[in-house]
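In: Here you go, sequence then predicted model.
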Amino acid sequence: MKPLLQLGALIAIALAASTGTWLFHGPATRPSPVCDPHTLPKDEICFALVPEHALWIDARSRAEWLADGYPGSILWNLDPSEDALKMEADAITRIASKQFVVVYCSSHACDTSRQIAAKIRQFDPLLQVKVLHGGHPAIPPATARNRPPT
């Protein structure tokens with residue numbers, strides 16, 4: 001019986017310590033994905049290296065884009081419930097005045113951003129089009145608050 005009481009005491013102490021740490025320091029923040037530009041594929045870019053004048057394209061769902069898309073980003077996804085032709089036409093109009101475009105989706109494993117980037121390159125092969133390394137999680141949480149363009 002004594003070992004069970006000792007185990008219970010240890011668990012209670014550990015729980016109290018972790019709760020105190022959480023109350024003092026707050027919840028853990030998600031770490032930004034490590035991004036080494038020297039090891040990236042040619043079509044990817046680190047968040048920190050994106051030029052200020054870049055056009056951001058969110059390839060996630062409309063709900064995700066509205067909830068926490070990058071400020072000033074435009075929506076262009078492959079959702080069959082969306083009006084794909086209108087979305088593409090709106091995006092191409094905005095892209096025409098830009099020199100640099102960054103496309104991102106839900107994660108590094110998401111392929112939608114690469115598909116959208118390929119469509120943009122077909123439209124203008126000379127345009128610099130990059131996929132954000134790490135996807136949406138690579139955007140610092142403080143900046144991921146969307147204000148959809150009017």
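Out: Structure's in. What do you need?
In: Got the confidence number for Leu4?
Out: pLDDT, Leu4: 75.
In: Doesn't it lie inside a helix?
Out: Yes: when DSSP: H, G, I helix; E, B strand; the rest coil is applied, Leu4 is found to be in a helix.
In: Around it, how many other residues sit close by?
Out: A total of 8 residues lie near Leu4 under the criterion other CB atoms under 10 Å. C-beta: built from backbone N, CA, C; applies to glycine.
In: Check Glu44 too.
Out: 19.
In: in the helix or strand containing Ala63, what counts as buried?
Out: Take DSSP states H and E as the rule and Ala63 turns out to sit in helix 62-68. By neighbour count on 16 or more other CB atoms under 10 Å, the buried set for helix 62-68 is 62, 64-65.
In: Show the average pLDDT along the next helix or strand along the chain from it.
Out: Once helix 62-68 ends, the next helix or strand along the chain (criterion: DSSP H and E) is strand 74-75. Average pLDDT, strand 74-75: 95.
In: helices or strands next to strand 74-75 in the packing?
Out: Helices and strands touching strand 74-75, by 3 or more CB pairs under 8 Å, 6 or more residues apart in numbering; DSSP states H and E, are strand 55-58, helix 84-95.
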